[in-house]
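> With the input below, show me the fold.
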Amino acid sequence: GPVIAWGGAADEIFDVNCAALPNKNCFGFFTVGSKYMTSGLMAVEGKIAANATVALIANSNAFSASVAAGAKTTIAAQPGLTLQSESTISVKGLPLTPADKTTIKAAMDKNPDIVVIAG
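Down below sits the predicted model:
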């Protein structure tokens, strides 16, 4: 019978786990992580007059990586957006490390027009 996945949005729930089921009959209720930033990035792009640079900062975990990968795909597909930098920080739900602060500062020092945080 069908599998209902509520409360999960990681792409691999559907791309890997549900695909491995004999009937592949899986339903989800949340937007998958790779699509989390799509509508926001497209809305921002629609409000800007010139090309905007984007800094992408992600936590070091699989879900954040899927959100970041989706954001990169959206940025690449939008003529008014350019990926300026992509950074990964080491923590999730903990205080930033000195190295993480340095990583974030390096991205911000490039003065991006938009900062996307996939956390």
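> Check the secondary structure at Ala49 for me.
coil (DSSP: H, G, I helix; E, B strand; the rest coil).
> Count the neighbours of it for me.
6 (other C-beta atoms under 10 Å). For every residue, glycine as well, the C-beta is placed using N, CA and C.
> and it, what are its phi and psi?
Backbone geometry at Ala49, expressed as degrees, to the nearest 10, gives phi -90, psi -30.
> And for Ile75?
phi -60, psi -50.
> and if you look at Lys101?
Here the main-chain torsion angles of Lys101 (degrees, to the nearest 10) amount to phi -60, psi -40.
> For it, report the pLDDT, please.
Looking at Lys101, its pLDDT is 96.
> How many residues are close by it?
12.
> Likewise for the one 3 residues further on?
For Ile104, the count of nearby residues is 17 (other C-beta under 10 Å).
> residue contacts, the residue nearest to the spatial centre of the chain?
With distances taken as C-alpha atoms, centre = their mean, Val67 lies nearest the centre of the chain, 2.3 Å away. Val67 is in contact with Gly33, Ser34, Tyr36, Met37, Ala58, Ala118, counting by C-beta atoms under 8 Å, 6 or more residues apart in numbering.
> Count the residues that sit near Thr74.
22.
> Oops, could you answer that again for Lys110 instead?
Counted with other C-beta under 10 Å, Lys110 comes out at 10.
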